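S.K.: The following block contains a protein sequence and its predicted model.
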Amino acid sequence: MTKSTTATSRWQPRRSRLTLILAIIAAAGLLAAACSGGEDEAATAADCEAGATDGDLAFYNWAEYIDDELLAAFEAETGINVEYTTYESNEEMLTKVQSEAAIYDLVVPSDYMVDTMRREGLLLELNFDAIPNAANIGAEFANPPFDPEHKYSVAYQWGTTGIGMSYEVLELLGGESTWAVIFDPATAALVPGGISMLDDAPETVAAALKYLGYSIVDVINNQNEDAIREAGDLLRATNDRLLKYDSVTFGDDLVNGEVDVAHGWSGGFFLTFFEADAYDDYAYTIPAEGGVRWVDNMAIPHNADNICSAHAMINFLTNAENGAALTNWTYYGSPNAAATPYILDEILEDPGIYPPPEVDARLELIPHAGDLAVLIQDMHSQAKS
Amino acid sequence: MGPARRSPPTAGAAGEEAAAVARRRQGMLLASPGALYLLIFFVVPLGLITVYSFATRTSTGRTALSGWNVESYRAIGDDIIVGIIGRSAWLATLTTVLCVVVGYPFAYYIATRPRHVRAVLLVLVMIPFWTNALVRVFAIRFLLGSNGPASALSESLGFGTFRILFTPTAVTIGMVYSFLTFMVLPLYVALERMDWSLTEAARDLYASGAKAFWKVTLPLTRSGIVAGCVLVFVPSFGSYVVPDILGGAKTLLIGSYIARQFRDARNWPLGAALSVLLIVAMLVAVALNQRSGSGAEDGGRPRGRRRGPGRGVAEPATAEAS
C-alpha cells in the first residue's frame, strides 16, 4: 500500500514565497524568544487560545488517514504549514516519540497506546479551553477507559476488526459471519480459497479469545494467563490452515482472489473495496461472537514544539463538518456526534461501519496489557511454527 | 617493495626507525576515516546492544537501564526461541547446500569459458544486484503467486492452479535466489585461478573424469566453497524479508523474531540478547572459516598435516596459483 504523500511536498512549490515569509517570521520569533530570557520552556497548553497557532505543525498520523484537502483547508485558515508524515503502527510512532528521533506536535495513538504513553509521561495534558469543539465528541467517547480523566486525548476515528469475505462465502456460512471460519476446521473447510490473518499479536489473540467465548477486557484485567495460553494453542492449531499473515495488503489480497477470507481492519477493507469497485461482491463483517473495537485519538507529545498549533488542529478536526469530512474520506466511524448530519448516508447505513446496537454490544476495546503483552506476543510467535 | 626504499641507506638505525614511525603514521592517517566510521556506526551500537541485553523491560515496554540481569539470556532457552533458532539454522543450512549444488556447476561453467565470454557472464551474474533486493523478492512473489505466470502455465498444461506461494518451498526458492551470487562469485574466483594442468595431469595418470574432479578440482577449490558457504549461511540465518514476503510470515525465523522484539513486543533486552548471541555465533563461524581458508590458500604449508587425501597434488598448485 502506498503511503500518502506528505502534505508539505505537495504544497511547497506553490507557496514557496509564503513559506519564506513564514520562515523569517518564525526565525524572528525564535530570536525574540531567545532574547526574552529563556522563558520559552514556560509556554504551556494553558497559554493557548482557541484557534491560535504558534508555528508550523508537525503532524504524525497513520498512513491513508486524512484527506489532503482537509490539511490544505487548515493551512489556508491558519496560515501555518502542516508538516505531515505517516506511520503504519502504534509502536513505530511510540519509538519515534520516545527516542526523540523526531519532534512531533500531534500524533494519533490508538486506545491502548494512549494508555501506554500516558503512563510513560509521554503525553501533554490538553487545554480543553482551546478546543471548544471537543464538546462535539459523542458521550460514549468522552470518558474512555484508556484515558480515565479524559485529559490527554480527543477521539479521531473509530473502527472495528473483523472478517472480510465475498458474499458467496458469506452464503456458504449461512449468511452469518463467525470466527469459526478461521478457527473451526470443519467450517474453514467450506472456504474454497485461502484464509489470512493480521500479523499482529494483540489482534490474533483477541480474535481467538472471542471465538473461545472470553471477554478480552476481563481476561486482561484479571491477568488470566491460562485464557491467553488457550488462545495461543488455538492459534497454533490454526497456523497451518492459514495462507498467510498480513497487516498491510489484506484487503487487496481478498479482492485479487489471493485469499477468500481475511481478518482485518474495517477501513482497510472499505478502502480496497472502493478502489477496486468491488462493493457488490465483498463484505466486511463483524463476527457473531463479537470482535475488537478500536479508537484512534489525537494527542500531543510531551516534547511538542508548537503546542498551540496542535490544539488548533484538534479543534479544527473536531468541528462538525470537518469531522464528517474525515469519515467521508476514510470510511471509518466518526466519534463526532455533531458531525452525523454531514456524513454520507451510505456510511451511516453500513452495518460494517456503524454496527447495529446488538452487535455493538459485543465489541470490545483491547486494554493496555502491561506485563501480559510479552505473553501475548509469545503466543503469536509460538503459533508460527 | 614499497615505501621502505625511500629512506637513504646511509641514515643508519636511527633513520630507519624514523622512517618506520613515519610509515606507521601515514598508515594510520589512511585508515582513520574508515576506522572512525566503524567506531561510531559499528562498535558503539554493538556496545549499546550489549548493554541493553542486560537491562529490564518495564510493564509499559520501556527499557529500564537499571536492575541489570541476565534474564534475557536465560529466556533464550525457552521452547519457543529454541524452536525458532532450530528452524532458522535448518533453513540456512538447506539454502547453503542448495546454493553449492546449484552454484558449483554454474561457476565451473563460467570459469571454463574463454576470457572475454567469462567477463560477460560475470556481469550477467551481477546484474540482479543492481536492483533493490526487496523489489526482486516481490518479483518472485508475483512469479509464484496464484495469479502469476507459473500458475498460468500450470493451468494451461492442465495441472490446475499452482499453489506454492506462502509455503516453505517458496521461502527456500527465494532464499537460494537471493544468495546464489554470494556462492557463485567465490567459487568462480577459486576455479578461475586453479591450475588446470593438474587436472590434466590426473587424467594423464589414468584418473577418470569424476576421480580427477573429486581428488583434484574439489580440494583445490575448497577455500571458495567454504567462503561461499559462510557468505550464504550468515545472511540467510538472519534473513527476515524473504520469509515474511514469500512465506506469508507463517514460519517465524530468528531475524523476524528479533525485529518483533524491537517493534511490536517492545522487549528490547530480549531482542538485544538474541542479537548478541547471533553476532557471537557468526564471529565463531567466520573465525573457523579464516582458519580453514588460510590453510587452503597458502598451500597449507604451516598446517600441511591437517590436509586430506588431495594433499600431495594440492600443495604446489595453490602455491603457484597465488
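M.R.: Structure received. Numbering: from 1, shown residues only, chains lettered A, B, ... in the order given.
S.K.: Tell me who's in contact with the residue of the stretch 201-350 of chain A found nearest chain B.
M.R.: Nearest to chain B, among the residues of the stretch 201-350 of chain A, is residue A:244, at 2.6 Å (C-beta to the nearest C-beta). For the C-beta atoms, the positions are set from N, CA and C on the backbone; glycine is no exception. Contacts for residue A:244 (C-beta atoms under 8 Å, 6 or more residues apart in numbering or on different chains) come out as A:194, A:196, A:253, A:259, B:166, B:247-250.
S.K.: any idea how far residue A:231 is from it?
M.R.: Look at residue A:244 and residue A:231: by C-beta to C-beta, to the nearest Å, they are 20 Å apart.
S.K.: Quick check: which element contains residue B:84?
M.R.: Taking DSSP states H and E as the definition, residue B:84 sits inside helix B:79-111.
S.K.: other SSEs contacting that helix?
M.R.: Contacts defined by 3 or more C-beta pairs under 8 Å, 6 or more residues apart in numbering or on different chains; DSSP states H and E place helix B:79-111 against helix A:372-383, helix B:115-126, helix B:168-192, helix B:222-238, helix B:254-262.
S.K.: cutoff 10 Å now
M.R.: helix A:372-383, helix B:115-126, helix B:168-192, helix B:222-238, helix B:241-246, helix B:254-262, helix B:268-297 (3 or more C-beta pairs under 10 Å, 6 or more residues apart in numbering or on different chains; DSSP states H and E).
S.K.: Please convert these to JSON lines, extending it with distance to residue A:360.
M.R.: Listed next are these as JSON lines, based on distance: least, C-beta to C-beta, whole Å:
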{"stretch": "helix A:372-383", "distance to residue A:360": "25"}
{"stretch": "helix B:115-126", "distance to residue A:360": "59"}
{"stretch": "helix B:168-192", "distance to residue A:360": "41"}
{"stretch": "helix B:222-238", "distance to residue A:360": "45"}
{"stretch": "helix B:241-246", "distance to residue A:360": "35"}
{"stretch": "helix B:254-262", "distance to residue A:360": "33"}
{"stretch": "helix B:268-297", "distance to residue A:360": "38"}
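S.K.: of all these, which lies closest to residue B:144?
M.R.: Smallest distance to residue B:144 across the helices and strands packed on helix B:79-111 (C-beta to C-beta): 5.4 Å, for helix B:168-192.
S.K.: How many neighbouring residues does residue A:87 have?
M.R.: 19 (other C-beta atoms under 10 Å in any protein chain shown).
S.K.: Now do residue A:352 against residue A:329, distance only.
M.R.: For residue A:352 relative to residue A:329 (C-beta to C-beta), the value is 17 Å.
S.K.: residues touching the residue lying closest to residue A:224 once chain neighbours are set aside, list them.
M.R.: In space, and not counting its chain neighbours, residue A:224 is closest to residue A:218: 7.2 Å by C-beta to C-beta, 6 or more residues apart in numbering or on different chains. Residue A:218 makes contacts with A:209, A:224, A:227, A:364, A:367, as judged by C-beta atoms under 10 Å, 6 or more residues apart in numbering or on different chains.
S.K.: helix or strand for the third one, which one?
M.R.: Remark: residue A:227 resides in helix A:225-239, with elements defined by DSSP H and E.
S.K.: tell me the SS of the residue nearest to the spatial centre of chain A?
M.R.: Centroid-nearest residue in chain A: residue A:296, 4.0 Å away (criterion: C-alpha atoms, centre = their mean). At residue A:296 the chain is in strand, as set by DSSP: H, G, I helix; E, B strand; the rest coil.
S.K.: what residues are up against it?
M.R.: Residue A:296 sits in contact with A:61-62, A:65, A:90, A:107-111, A:113-114, A:153, A:155-159, A:330, A:332, A:335, where contact means C-beta under 10 Å, 6+ apart.
S.K.: The same query, at a cut-off of 6 Å, please.
M.R.: A:108, A:110, A:156-157 (C-beta atoms under 6 Å, 6 or more residues apart in numbering or on different chains).
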